[in-house]
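Participant: I'll drop the sequence and a predicted model, then ask my questions.
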Number of protein chains: 2
Amino acid sequence: MPKQVDHRERREAIAHALWRVVEQQGWPRATMREVAREAEVSLGQLQHYFSSRTAMLTFAMEFAADQTSDRVTRGLTGLDQPPRPRDVLRVVLTEMLPLHPDARATSRMNAAYVLEALHDPELRDVASVGLRQGRDTVERLIREAMADGHISADRNLAIETDLILSLTGFTPLLELGVIKPEAALAAIDQHLDRLFSPAS
Amino acid sequence: MPKQVDHRERREAIAHALWRVVEQQGWPRATMREVAREAEVSLGQLQHYFSSRTAMLTFAMEFAADQTSDRVTRGLTGLDQPPRPRDVLRVVLTEMLPLHPDARATSRMNAAYVLEALHDPELRDVASVGLRQGRDTVERLIREAMADGHISADRNLAIETDLILSLTGFTPLLELGVIKPEAALAAIDQHLDRLFSPAS
DNA sequence: GCGGATATAAGTCACCTGTATTATGTCACG
DNA sequence: CGTGACATAATACAGGTGACTTATATCCGC
C-alpha cells in the first residue's frame, strides 16, 4: 500500500477547514473547491475522502456535535464530583453558546444545520431527534435535581426545561455583539439562581 | 406611459414569493430564476423591479421587518388602552416567534438574514443596529414598568431585558417540532408571571 | 395620432458548481 | 520484482447562476 494515512484524522482536518469556511463565508460558500483551498488539498484529494458534498457536510455536522459533547464532558471534570446540578446546567449552556472560538465554530455550524433542516425532510428528522435528545437530557437533570431537593418540588418540570433551553436564544445577540459574554453569563446565573432557590 | 403599475405592490408580491422560496427551499435556493418562477413572472420582469439579487434580498428583509412591526402594532389594538406592560411584552414575543404562518415566514427570513450577516461586514452593521434597537425597546418597556411599580424595583434592568430576549430561543425548538406552541406560550407566561411578581 | 417612457420577454455571456474520468505517483506484500 | 490497492492530481462536462443586451408590446400626455 502507499503512504498509509489516517482517514479519520484527514477527514477531521477537512471538517475543521469546512468550519472555517462556514464561519468566514457562510454555508452556501462551503463548496468543494473552497473547502479544498482552505484545507490546502486538491479538489481530487478532497473527493477521495468525501465522495460527495453532502457526505462532507454530514460528517462535519456530526463532528461538530461530538466536539460540543466532548467540551461539556471536559468542562465537568473541573467541578466537584459528583458535580452540583446547577453547575452541570451552567456548563451545558456555556458550551452551547458562542462564548469562545471552539464553541463559536460549532455554534455556527449548528445554526446553519438547523436552518437547512427546516426545508429538507431527511435532515429535519435527524436534527429534530438530536434536539429532542438534548431537551431530554436537560429535563432529566432538572427532574433529578427536583427529586434531590435542589429545586423546589412545586416547579413545573416541562416549563423549567424549556426555559433553560430558551437561554440558547442569546446566540444571535452574542454573535452580533449586541450583548457581551459577561451579560449572557450574568443572565444565565440569575436564571439558575432563581431556579435553584426555594421560592417558586 | 404604458400599463401603469404600482411598483411598491409588485415588489411586495415578489417579496412574498421570495419568502415562500426561502421557507420551502432555503436562502441559497432563492435565485432570481426560482423567485421569478414562484412569483409567476419572467426573469426579465423580475430584473425590471430589482436590478440585482442583493437589492431583492435587501428589500425582502426590510419588508419582513416592517410586517413584523405591523403585526405587533395590530396585536396591541385588541388590548386595554393603554395596554399593560406585561401584555405588550407578550405580544412582542409571540409575534417574533414562529407561532403562525405570517410570523413563521418572517422568522425564517430573519434567521437566514442573521446567519448571512455574521460574515458580511455591511449586513452585520445593519443587523446589529436592528437587533440593538429591538433590545432598547424591550429595555424601555421594562424600565417604565419598574418606574410604574409593575416590576419590583430591585430587579436588574439589563439582566431582565436580556432574559426576555432570550425567549426568542424557542424558535428552533418550535420550528423542528420539539416543543408545541402551547408549551412555548406557557413558558413565556411563567417567565412574565415571575417578572411581574413582587418577589425578586 | 404619435413620440417616448414604461413594461415584458427572450436570448446571451462568462462564471462557478458538483461530479466523473483519467493519469500518475507511492509503496506494502506475495 | 512487480502487482495491485491506495493517494494525489488534473481535466472535462453538463447544468445552473447573476448580469447584461436586445426586441417588442403597451398606452399616457402632448
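Facilitator: Cool, got the structure.
Participant: tally of neighbours for the closest residue to chain B within chain A?
Facilitator: Taking CB to the nearest CB as the measure, chain A has A:Gly169 as its residue closest to chain B, at 2.4 Å. For glycine as for every other residue, the C-beta is placed from the backbone atoms N, C-alpha and C. Applying other CB atoms under 10 Å in any protein chain shown, we find 21 residues neighbouring A:Gly169.
Participant: that one touches B:Leu174, doesn't it?
Facilitator: No. If you go by CB atoms under 8 Å, A:Gly169 and B:Leu174 don't touch, sitting 11.7 Å apart.
Participant: packing partners for whichever helix in chain A runs longest?
Facilitator: Taking DSSP state H as the criterion, chain A has its longest helix at helix A:121-147. When contacts are defined as 3 or more CB pairs under 8 Å, 6 or more residues apart in numbering or on different chains; DSSP states H and E, helix A:121-147 sits against helix A:85-96, helix A:101-117, helix A:157-166, helix B:170-175.
Participant: turn the ones you listed into a markdown table, including mean pLDDT and distance to DNA strand D.
Facilitator: Shown next, in a markdown table, are the helices and strands packed on helix A:121-147 (pLDDT from 0 to 100; distance: least, CB to the nearest atom of the strand, whole Å):
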| stretch | mean pLDDT | distance to DNA strand D |
| --- | --- | --- |
| helix A:85-96 | 97 | 33 |
| helix A:101-117 | 94 | 16 |
| helix A:157-166 | 98 | 35 |
| helix B:170-175 | 98 | 24 |
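Participant: do you know which of these lies nearest A:Arg132?
Facilitator: Closest approach to A:Arg132 among these is made by helix B:170-175 (9.2 Å; CB to CB).
Participant: any idea which element the residue in chain A that DNA strand D sits nearest to lies in?
Facilitator: Nearest to DNA strand D in chain A, going by CB to the nearest atom of the strand, is A:Gly44, at a distance of 2.2 Å. Using DSSP states H and E, A:Gly44 sits in helix A:43-49.
Participant: tell me which strands and helices that helix is in contact with?
Facilitator: helix A:7-25, helix A:32-39.
Participant: could the ones you listed go into CSV alongside distance to B:Gln25, mean pLDDT and mean neighbour count?
Facilitator: Shown next, in CSV, are the helices and strands packed on helix A:43-49 (distance: least, CB to CB, whole Å; pLDDT from 0 to 100; neighbours: other CB atoms under 10 Å in any protein chain shown):
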stretch, distance to B:Gln25, mean pLDDT, mean neighbour count
helix A:7-25, 19, 93, 18
helix A:32-39, 21, 95, 17
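Participant: which of those sits closest to B:Leu192?
Facilitator: Per CB to CB, nearest to B:Leu192 of these: helix A:7-25, 35.6 Å.
Participant: what sits up against the closest one?
Facilitator: With contact meaning CB atoms under 8 Å, 6 or more residues apart in numbering or on different chains, helix A:7-25 is reached by A:29-30, A:34-35, A:38-41, A:46, A:49-50, A:56-57, A:59-60, A:63-64, A:104-106, A:108-109, A:112, B:118-119.
Participant: let me know whether that helix sits next to DNA strand C.
Facilitator: No. Using CB under 7 Å from any atom of the strand, we find that helix A:7-25 stays clear of DNA strand C, coming within 9.5 Å at best.
Participant: with only the CA atoms kept, save that helix in CSV.
Facilitator: What follows is helix A:7-25, C-alpha atoms only, in CSV (Å, rounded to 0.1, in the frame of the first residue of the first chain):
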residue,chain,number,x,y,z
HIS,A,7,-8.5,8.6,7.2
ARG,A,8,-10.3,9.8,10.3
GLU,A,9,-7.6,12.4,11.0
ARG,A,10,-7.7,13.6,7.4
ARG,A,11,-11.5,13.9,7.5
GLU,A,12,-11.4,15.9,10.7
ALA,A,13,-8.8,18.2,9.3
ILE,A,14,-11.0,18.8,6.3
ALA,A,15,-14.0,19.3,8.6
HIS,A,16,-12.1,22.0,10.5
ALA,A,17,-11.4,23.7,7.2
LEU,A,18,-15.1,23.5,6.4
TRP,A,19,-15.9,25.1,9.7
ARG,A,20,-13.6,28.0,9.0
VAL,A,21,-15.2,28.5,5.6
VAL,A,22,-18.7,28.4,7.1
GLU,A,23,-17.6,30.8,9.8
GLN,A,24,-16.0,33.2,7.5
GLN,A,25,-18.1,33.0,4.3
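Participant: how far is it from where the chain is centred?
Facilitator: 16 Å (CA atoms, centre = their mean, to the nearest Å).
Participant: check contacts around the residue nearest to A:His150 when sequence neighbours are not counted.
Facilitator: Leaving aside its chain neighbours, A:His150 sits nearest to A:Pro85 (5.2 Å; criterion: CB to CB, 6 or more residues apart in numbering or on different chains). Counting by CB under 8 Å, 6+ apart, A:Pro85 touches A:141-142, A:144-145, A:148, A:150-151, A:196.
Participant: mind running it again at 6 Å?
Facilitator: Counting by CB atoms under 6 Å, 6 or more residues apart in numbering or on different chains, A:Pro85 makes contact with A:141, A:145, A:150.
Participant: cool, and A:Leu43?
Facilitator: A:Leu43 sits in contact with A:33, A:36, where contact means CB under 6 Å, 6+ apart.
Participant: got a pLDDT number for it?
Facilitator: Among the per-residue scores, A:Leu43 holds a pLDDT of 94.
Participant: for it, give its distance to A:Gln25.
Facilitator: Distance, A:Leu43 to A:Gln25, by CB to CB, to the nearest Å: 17 Å.
Participant: to A:Asp6, which of the helices and strands packed on helix A:121-147 lies closest?
Facilitator: helix A:101-117 (21.6 Å).
Participant: so is that closest one next to chain B?
Facilitator: Yes. Against chain B, helix A:101-117 shows contacts by CB under 6 Å from any CB of the partner chain at A:111, A:114-115.
Participant: tell me which other helices or strands that helix touches.
Facilitator: helix A:7-25, helix A:53-77, helix A:121-147 (3 or more CB pairs under 6 Å, 6 or more residues apart in numbering or on different chains; DSSP states H and E).
Participant: lovely, talk soon.
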